[in-house]
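Trainee: Mind folding the following:
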Amino acid sequence: MVDRVAADWRTAGLDDSTRALVAFAEKLTRSPSEIGFDDIDLLRAHGFDDEAISSCVQVVAYFNYINRVAEGLGVEPEAWIDRAGRVLEQSKE
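Mentor: As a prediction, this is how the structure comes out:
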């Protein structure tokens, strides 16, 4: 499942609520100025309460922040992680 989500979350077989949450996270990452009340209302319609929505926003924002800090400082990826973010086989031992 993780590999399918990493390859393309839209075709990974996620349930409707999870797809709505991931679509929101992607929109917040790619075009944050376009987030509006309709996006929040859509999450609520899928069963997410304000606490869950706030948690999603904070996690997405943190990961975007820390990735930009690492990229801005030229931090090299860890040698034990591949380009998709998976632990390399020899590192699992």
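
Trainee: Count residues in the vicinity of the nearest residue in space to residue 12 that is not next to it in sequence, would you?
Mentor: Closest residue to residue 12 in three dimensions, ignoring its sequence neighbours and counting by C-beta to C-beta, 6 or more residues apart in numbering: residue 4, at 3.9 Å. Every C-beta, even on glycine, is put in place using the N, C-alpha and C of the backbone. For residue 4, the number of neighbouring residues by other C-beta atoms under 10 Å comes to 12.

Trainee: which stretches of the chain form helices?
Mentor: Applying DSSP state H to the chain gives helices spanning 2-8, 16-30, 37-45, 50-72.

Trainee: give me the low-pLDDT residue ranges for this structure?
Mentor: Across the chain, the ranges flagged by pLDDT under 70 are 91-93.

Trainee: isn't residue 1 right next to residue 12, touching?
Mentor: Yes. The pair residue 1 and residue 12 passes the contact test of C-beta atoms under 8 Å, sitting 6.8 Å apart.

Trainee: Settle it for me: which of these two has more neighbours?
Mentor: residue 12 (16 against 8).

Trainee: Residue 43 versus the more buried one, what's the distance?
Mentor: 19 Å (C-beta to C-beta, to the nearest Å).

Trainee: ok, now residue 51?
Mentor: Taking C-beta to C-beta as the measure, residue 51 falls 12 Å from residue 43.

Trainee: Neighbour count for those two, which is higher?
Mentor: Regarding residue 51 and residue 43, a neighbour count based on other C-beta under 10 Å identifies residue 43 as having more, with 19 against 8.

Trainee: neighbours around the closest residue to the more buried one other than its chain neighbours, how many?
Mentor: For residue 43, ignoring the flanking residues on the chain, the nearest one in space by C-beta to C-beta, 6+ apart is residue 53 at 5.3 Å. Residue 53 sits with 16 neighbouring residues when counted by other C-beta under 10 Å.
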